[in-house]
Every structure is written in C-alpha cells, then in structure tokens.
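A.B. asks: have a look; sequence and predicted model below, questions after that.
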Number of protein chains: 2
Amino acid sequence: MQTAWKEYQDQNEKRFLDEMLELLRIPSVSAKSEHKDDMRRCADLVRQRLLDSGCDKAEVMETAGHPVVFGEKIIDPAKPTVLVYGHYDVQPAEPLELWHSGPFEPVIKDGKVFARGSADDKGQFYMHVKALETMVRTNSLETNIKFLIEGEEEVGSPNLGSFVGAHKDLLKADVILISDSSMLSMENPSLDVGVRGLSYIEIEVTGPNRDLHSGTYGGGVGNPITILCKMIASLHDENNHITIPGFYSDVVEATPEERALMGRAPYDETEYKSELGVKELWGEKGYTTNERTGIRPTIEVNGIWGGYTGEGAKTVLPSKATAKISARLVPNQSSHTITEMLLSHLRSIAPASVTVNAFEHHGGEPYMTPIDSKGYQAASKAVQTTFGKVPIPVRGGGSIPICSILERELGTKIIFMGFGLDNDNLHSPNEKYNIENYYKGIETIPYFHRFFAQQ
Amino acid sequence: MQTAWKEYQDQNEKRFLDEMLELLRIPSVSAKSEHKDDMRRCADLVRQRLLDSGCDKAEVMETAGHPVVFGEKIIDPAKPTVLVYGHYDVQPAEPLELWHSGPFEPVIKDGKVFARGSADDKGQFYMHVKALETMVRTNSLETNIKFLIEGEEEVGSPNLGSFVGAHKDLLKADVILISDSSMLSMENPSLDVGVRGLSYIEIEVTGPNRDLHSGTYGGGVGNPITILCKMIASLHDENNHITIPGFYSDVVEATPEERALMGRAPYDETEYKSELGVKELWGEKGYTTNERTGIRPTIEVNGIWGGYTGEGAKTVLPSKATAKISARLVPNQSSHTITEMLLSHLRSIAPASVTVNAFEHHGGEPYMTPIDSKGYQAASKAVQTTFGKVPIPVRGGGSIPICSILERELGTKIIFMGFGLDNDNLHSPNEKYNIENYYKGIETIPYFHRFFAQQ
C-alpha cells in the first residue's frame, strides 16, 4: 500500500503543487469586505477540487457571512468517519511594503512557497484533499471522509457555531482532524495537544472633541495617546505578570510533571533569539519561553494608532487614539469571561479626562485533546511511520476558536496534525510553506486514516 | 486719517476677502514633497500681490528648501522700518475625513472662512499686505515696510536662519512684527509677550525582525507597541510632572507677581471644558490651565502607530512601533539641550528586548518680548484704538521657532500682534478664521505703523 501511495504521489507531485498555487492566487481575505467576491471564488474552487479529488459530493453552503465548503466520500457507513476541518480564508496581507513578492502571487524560492495562506491554512488543508485523491486513486481508502472548509477562521468563525449546530447529522464523525498548526521541526516532529483560547478587543480613547494645536492646548488637556499608553503600560507589572484582578483565577496550573516533559522539547535560546533578531527575550517571570507561549495566558497589543502618522512633523494634540488588544487563554479560562474582564478593566482605569469606547472583535476557547485517545494514537503512529520518530506532544500557542464549538456540537474529539513550522511567518509578511512539508503531509495523512480504521 | 483708511477698507472689503481665498486655494503643505510645485505657485502669488499692493519691489528668493518671498516699500531711509514676518506654508490637512468641506476649497459660513491656512498664517500675514495697500493708496504710510514671508514655518524653518544671516542688510529693520498667534477674544483683546520653544522628535522601537503570529510567539517576545507605551507612560508621574532627569533645570519660574497678573486674564473653566467636550482637564499639579499652556514646559505625543490598524482583527505581534513626540519649552530652556535629553532618555529607558531609532524633526527656542519696548507700546496703543480696551499681555503656548533666530541675526525685537482665536482649529480639521477678525486686523495694523513712527 505504502508503495502504491508514494508512487502515485511522486508521479503527481508537480500537479499537487500547482493546484495549491492556484488556491493561493485568490486573495480570500475574510476581514475585508472588498474581498467578498474573492471569498466566493475561492469557495467555488475548493468545491471543484474536492469533486475532482474523489468526493462523492461537494457543496458551497451559505452562512450569515462567508460560505462554508462541505464535501464527503462515503465508502461504507459502517466504517469510521474522519471529519477534516480547515479554512480557505487568510489574514490581511498588510504591511504590503515588507513583502518581497506579491502576497497573492506565489513565488517558489529555496524549496518554499511564499504567499499569504501558504501555511495558514490553504497549503495545509489541501494536503488532505490530495491525500484523499491518493487513497481513492489507489483504491486504499479505509475510512469515510468529510470536509468542512470554512471562510471565517481568521475573523473568529462568527457563523460556524450555528452552521455546525444546524448540520449535526451531515457533519457526524468519529474524529475531527485539523492541520492548521506547526511542528517543532522536521527532525523533531511534534503533535499539538492543545491550543490557547483568544479574547480580541478594540479600545478607542477620546479626549477633546477635535484635534488641537499642541502648543495652544498642550499641557492643559488630556492627550488620548498618552492616556492610552498609560492604560496599556499598566496591564503588565515589572515581572510581566498581568495586573488585571482575577485574570489568572481560572488558570489550571500545569503540574511539575507536565512542565518537566515540556522542558525536554528541543529548544535553543541562542538560535531562537538569533532567528528573531532580538538581543533579549521578554516574558512572565518564572516561566520558560515554551511555557510562556504554551501554557500561560498573555495580553498583546496587536495594533495602535492615533494623531499624525504621516511624513514629517505635525504639532497636534489628537482627539482620539485606538488600540487592538488580544489575550491568549489557557484551560480553564473562558473567552467570554476574559473579554468582559478586559473591557470593564480598561473602562475602569480610564481617567475622567477621556471617554472610552471598547468592544469585542471575537474570541475562542482554549482546547486540550487527550493523548490516550484513538485519534491521537493514530496520528502519532502515522507521524512515526513517515518521520521515523515518535512525535513529541506539545501545547501550541495559537488559537483555533472553532475547536471547543466543534466538540460541543458534534461530541467529537479533535486531533491536531500540523505540518507547518514556527518560522512560516503566519500572519506576517512573507508567509511561506516548505514544499517538503507539504509533500510530507500528503504522505503522512493516509497512514492516519489507515491506523484510525484499524483500531 | 482714520476716516480715509476705514473708508478705503470698506470700499474694498469684498476684494480683500477674495484675495485671501485665492491664497487659501493653493495646497502649500511644506511637509509633503508632493506639494513642491504648489509651494512655488503660492510664493509667486504672494510676490505678485505684494507688488499689486504697493511694494516697490518683491522677489521669490531661493533657499535650500522652499523659497522665501521678500518685498519692500521704502518711503524714506531715515524713517523707521517695520519688518513683517509671516509664512505662506500650511500644516498637512489630515485627517481629511473630519473636514466638513475641502481644506483647500475655502467655504464661508457664519462669518468664518473655513480652510487650511486661513488663520495659520495666510489670512493673518495677508492683513499686513492689505494694510500696506490701505496706507499707500491713502498716502498715509509713515514707516518703511519690509516683508519676509517664508515657506517652511510648519516644518521648523530649517533654512531661514542661514537665509537671514546671508541677507542681514536687506532685512534690516527697527522692529519685527508677526501676526501668527491668537488673542483671548474680541471682547478681551490681548498681545502675546512670549511663545514657547519646541523640541520635536520621532522614535521607532523595533522588536523582532518581522511581524510575528501573536499566538505562536505572544508572551515570549517583547512587543514593541507595549514597550513603546511603557516608555511613553513613564514620561509623566502621577502629578503629570515630567520625569526626565534635568528636564526642568533651566526653567525660569514665573514670579508670584507674574502668576497673579496671569490669573487676572478672563478664563471660564466650565466654558473651556464644554467647548472642548471634555469632562475633566489634565495637567501638571500646582498650576492653572493658563499656566500649564503658557509658562510650563510640556511633553505631548503627536502621533503613534504600529501593528495592524485596518478593519477587523489581526493577531499580530508587530516588529515595530513608532511615535512622534514633542516638548514645548519655556525660558531659558534650550531646544538643542532638550532634544538631546529626550533622545538619550528614550534610548536609555528602552529594555534590551528592543532596539531604538530616535531622531530630531525640528526645534525652536522659546522667546519673550519686553512689555516696555517701543514696539510693544505701539502695538498696545493700536489695539486700544480699534478695540477700545488696553490689550492684556499673555504668554502664548505655541512656538514660532524663527523668533530667536531673527533676533540673533538681526538684533531686533519681535512684536506679536495676532488676531486669531484659540478656537480657530489651527493644525486641526476645519481650521477657520473669522472674517470680523481679518477686517479688524487690517484696520488695526496701520495704527501700529503710525504710533511706531511717531514715537
């Protein structure tokens, strides 16, 4: 079987890559209304490729926002069913001036595909489409497969919960498989056993009712930029511990055993710093980098703006300053609780010289998957087969808000089998996905289905 | 004489206004290179109007940057000479979406001219051009007049010092008269006896060498926005006193008598707050609003940006954050010293997890003019004649960096005779200049020349 799979993949690898590039050329930016038509175009293409690759049926299904693509290949209702979740939408490409090539004009260089969405998540979910094709064409599919490819992951999946709730039968499965994360390295393969949750808010601080001359009024009227900076500065103490009362109350502290296991994951701080170009790391006192980005909640400012930001100098005391702020959450923090806490804390610390308008963008719950489940064991064996090493279970720092919703609505556990790397520049300029990882994923996925079916 | 002036002005008031509007239609934004041709066009028009209004000669003279317009009317070398300084350049108009009409398409509403530059400074320096015309056409000019109208005031007059130094004879005068400031109100006319100095810098804080995913790296890598916010927040203590060591060292504290005199200027805090739309004022503990904006140095953030500032949400931990920061200075602070202090302080407080690139935009020295000088007395009598009240001497909060340069190079004192109002929205959207103030200025200026000549 292995030989037939690999042979088929080797014969078709050029086309497998070209089809991924075709997807990447569509600027399916879900956050921006100007890309509404591109979203639809991308969904249509995904549907067509699902059909071309062996699905019995595939549909573009409406939601209140961007559509969902559903597809399935049912070989035998008595066999186990794997639901593959992915997303065809991508993050905005800005800042455009930092890209070495067009974000939606994929370029191949040094064995890497550079384009927005290459790793997150078009290149990754498409591995499953090509794995399906491989198994179908070699008559070796041992499970039923369903695809749920959504278009709103990068904006917090606001409509997927109700979509899933309304289509429980259609989506019924024995396991949910997601490739939307990374592994430590090709030499040290890993599987995520958890993702962090998210609370994402925006805060607008207004001082005077108009921009003022900073000479005439400077020193006498509250400057919303200065005040917003003071508010943001107050969110972390001198140990980079978050100061919001109750923020850590629901955190389940990792046990010493878990922390010891995490400490065994390969990590070279010198290399980590050098790769990022920083002289010193930063983070919560008492925790390692892996712990800070995996098992600890955080608050990050994702954007800030106010006043004059153009060329040269303008002596203005601005009317407004705005920031986008998000928190990453760990078990058992609740996104709803933390969002409300963030909003009310920020409102409460604003001085009377300004008014605050703060609101939620979106959120998602943290998620953990059990290492002793059938799904995890099948994934672990699959990776071991193609990489030659038992993968290390790790906690990922990112968020996949839909996880807790999928489990709640479908009663099914989620397995993360990501083939990206941390340096893929997700959400950044020059996002890339290594072609080697793409092919390795397509090679590994069929083993997951085989081992899952045989358990 | 008074009758002849007023009669001439009344007969020509429509044209006086139309000529001001013509100037306002040229987008002479000195900070933006795209307006280079507009700058030249504006200078040419000013030159032409000086000739039309009675100057014997007028020239557009080159500098390393935007040109200077010089003009003069010499009636008798033995008579005193008044040098009028003004500027034909304007601040950038952004944010454009907050203007009720085009910044360079002047609109008249409720007796006010709305346009960028209407009060700062085209409408104000042009009063002097129309006052010249009045005196020339009514054969009543009693002084020589020179005009020095520059094109780089809003970017810190980087080339005017060397221009003035190279043309000392041409610019020789007995007094320098500037209308580039405001008065308390039409009911409470005032004359500025000082302006604050300026140090304007920009600081760019860089963390990682690229934008990062805030989930994968959040909590483990220094966020340049958070760090810049902490740096800015640390510049003021809980009493809004500036914390930079040595910042106040050279400040000449106002005497109790001066402060008592300032306290007599009309000021209604309820009205001040209501006009600005704020519930509470903000400022250095122990000082009144007039003191905070007049005799105390300040630090204001004029602009800030970093990370994702578009629609929706993006979970990025950005590579960079930038701010434009300026200090207003009072006697005897030195702009050069404070600029260096600001730059080195900001560099010194940055943590090792970021690198800082900080540089100067421009600066200017604070300036004070003596109340017992011939020039001040002539201005005070002129205002008293047309307003019916002795003007109150006040300290202005803005900066006219060229003042100390002009005095140093020409050895001549400067008199500020501004006819604007604090609510003219200088440097803000919907800048305006009241037509009543424009005409009142044109009516008042001839008296200055007359009283100055007769002393």
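C.D. replies: Arrived safely. Just so it is clear, the structure is predicted and the values come from calculations on it, not from any experiment. Numbers count the residues shown, from 1 in each chain, chains lettered A, B, ... in the order given.
A.B. asks: elements contacting the lowest-mean-pLDDT helix or strand in chain A?
C.D. replies: The weakest-scoring helix or strand in chain A, judged by mean pLDDT, DSSP states H and E, is helix A:256-263 (a mean of 85). In terms of contacts (3 or more Cβ pairs under 8 Å, 6 or more residues apart in numbering or on different chains; DSSP states H and E), helix A:256-263 is packed against helix A:289-294, strand A:392-395. Heads up, the C-betas are built off the backbone N, CA and C, glycines and all.
A.B. asks: just the CA trace of the last one, in PDB.
C.D. replies: Coordinates of each C-alpha in strand A:392-395 appear next as PDB, following Å, rounded to 0.1, in the frame of the first residue of the first chain:
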ATOM      1  CA  ILE A 392       6.600  15.000  20.900                       C
ATOM      2  CA  PRO A 393       3.200  16.100  22.300                       C
ATOM      3  CA  VAL A 394       3.300  19.900  22.800                       C
ATOM      4  CA  ARG A 395       0.900  22.700  23.600                       C
END
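A.B. asks: do you know which of the helices and strands packed on helix A:256-263 lies nearest chain B?
C.D. replies: Among those, the nearest to chain B by Cβ to the nearest Cβ is helix A:289-294 (4.1 Å).
A.B. asks: now for the helix or strand just after the closest one, which elements pack on it?
C.D. replies: Per DSSP states H and E, the first helix or strand lying C-terminal to helix A:289-294 is strand A:298-307. Contacts defined by 3+ Cβ pairs under 8 Å, 6+ apart place strand A:298-307 against helix A:224-233, strand A:320-329, helix B:224-233, strand B:298-307, strand B:316-317.
A.B. asks: single out the most deeply packed of those.
C.D. replies: strand B:316-317 (a mean of 30; mean count of other Cβ atoms under 10 Å in any protein chain shown).
A.B. asks: partners of that strand, with directions?
C.D. replies: Here strand B:316-317 is paired, per DSSP bridges, with strand B:212-213 (antiparallel).
A.B. asks: if we can go back for a sec, export the helices and strands packed on helix A:256-263 as CSV, with columns for distance to B:Gly117 and mean neighbour count.
C.D. replies: What follows is the helices and strands packed on helix A:256-263, written out as CSV (distance: least, Cβ to Cβ, whole Å; neighbours: other Cβ atoms under 10 Å in any protein chain shown):
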stretch, distance to B:Gly117, mean neighbour count
helix A:289-294, 52, 22
strand A:392-395, 59, 21
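A.B. asks: ok, of the ones you listed, where does mean pLDDT dip lowest?
C.D. replies: Lowest mean pLDDT of the helices and strands packed on helix A:256-263: strand A:392-395, a mean of 89.
A.B. asks: circling back: quick check: buried residues in the least confident helix or strand of chain A?
C.D. replies: By neighbour count on 16 or more other Cβ atoms under 10 Å in any protein chain shown, the buried set for helix A:256-263 is A:Met262.
A.B. asks: can you list the helices and strands that the lengthiest helix in chain A packs against?
C.D. replies: When chain A is scanned for its longest helix (criterion: DSSP state H), the result is helix A:2-24. When contacts are defined as 3+ Cβ pairs under 8 Å, 6+ apart, helix A:2-24 sits against helix A:36-52, strand A:112-114, helix A:122-137, helix A:435-454.
A.B. asks: could you count how many residues lie near the residue lying closest to A:His100 once chain neighbours are set aside?
C.D. replies: Of all residues not flanking A:His100 in the chain, A:Asn430 sits nearest, at 5.9 Å (Cβ to Cβ, 6 or more residues apart in numbering or on different chains). For A:Asn430, the count of nearby residues is 19 (other Cβ atoms under 10 Å in any protein chain shown).
A.B. asks: and the pLDDT at the residue lying closest to A:His449 once chain neighbours are set aside?
C.D. replies: Nearest residue to A:His449 in three dimensions, chain neighbours excluded: A:Thr143, at 4.7 Å (Cβ to Cβ, 6+ apart). Per-residue confidence at A:Thr143 stands at 98 (pLDDT).
A.B. asks: could you do the one 5 residues further on as well?
C.D. replies: We have a pLDDT of 98 for A:Leu148.
A.B. asks: separation between the nearest residue to A:Ala64 once chain neighbours are set aside and chain B?
C.D. replies: Take A:Ala64 and drop its neighbours on the chain: the residue closest to it by Cβ to Cβ, 6+ apart is A:Asn159, 4.8 Å away. Distance, A:Asn159 to chain B, by Cβ to the nearest Cβ, to the nearest Å: 15 Å.
A.B. asks: just A:Glu62 next, same as before
C.D. replies: A:Glu62 is 21 Å from chain B, by Cβ to the nearest Cβ.
A.B. asks: neighbours around that residue, how many?
C.D. replies: 11.
A.B. asks: ok, for the residue of chain A most remote from its centre, nearest residue in space, not its chain neighbours?
C.D. replies: Distance to the chain centre peaks in chain A at A:Thr216, reaching 47.3 Å (criterion: Cα atoms, centre = their mean). Nearest non-adjacent residue to A:Thr216, counting by Cβ to Cβ, 6+ apart: B:Gly397, 4.8 Å away.
A.B. asks: isn't A:Ile242 up against A:Ile232?
C.D. replies: No. Here A:Ile242 lies out of contact with A:Ile232, judged by Cβ atoms under 8 Å, at a distance of 11.9 Å.
A.B. asks: shaky segments in the stretch 1-150 of chain A?
C.D. replies: Where the stretch 1-150 of chain A drops to pLDDT under 70, the residues are A:1-2.
A.B. asks: what does it put close to chain B?
C.D. replies: A:Ala31, A:Lys32, A:Ser33, A:Gln91, A:Pro92, A:Glu94, A:Pro95, A:Leu98 (Cβ under 8 Å from any Cβ of the partner chain).
A.B. asks: just to revisit the earlier point, what sits against the residue farthest from the centre of chain A?
C.D. replies: B:Ser182, B:Thr293, B:Gly396, B:Gly397, B:Gly398, B:Asp422, B:Leu426 (Cβ atoms under 8 Å, 6 or more residues apart in numbering or on different chains).
A.B. asks: just the pLDDT for it.
C.D. replies: 90.
A.B. asks: and it, how far from B:Asp120?
C.D. replies: From A:Thr216 across to B:Asp120, the span is 10 Å (Cβ to Cβ, to the nearest Å).
A.B. asks: and for A:Ile201?
C.D. replies: To B:Asp120, A:Ile201 is 38 Å away according to Cβ to Cβ.
A.B. asks: neighbour count for the two, which is higher?
C.D. replies: Neighbours were counted for A:Ile201 and for B:Asp120 using other Cβ under 10 Å; B:Asp120 has more, 28 against 22.
A.B. asks: and the more buried one, how far is that from chain A?
C.D. replies: 8 Å.
A.B. asks: is it correct that that residue falls within a strand?
C.D. replies: No. Counting by DSSP: H, G, I helix; E, B strand; the rest coil, B:Asp120 is located in no strand; its state is coil.
A.B. asks: list the contacts of it.
C.D. replies: Residues counted as contacts of B:Asp120 (Cβ under 8 Å, 6+ apart) are B:Val90, B:Gln91, B:Asp180, B:Gly420, B:Asp424, B:Leu426, B:His427, B:Glu431.
A.B. asks: which of the residues you listed has the weakest pLDDT?
C.D. replies: Least confident of the contacts of B:Asp120 in the model: B:His427, at 86.
A.B. asks: tally of neighbours for that one?
C.D. replies: For B:His427, using other Cβ under 10 Å, the count is 25.
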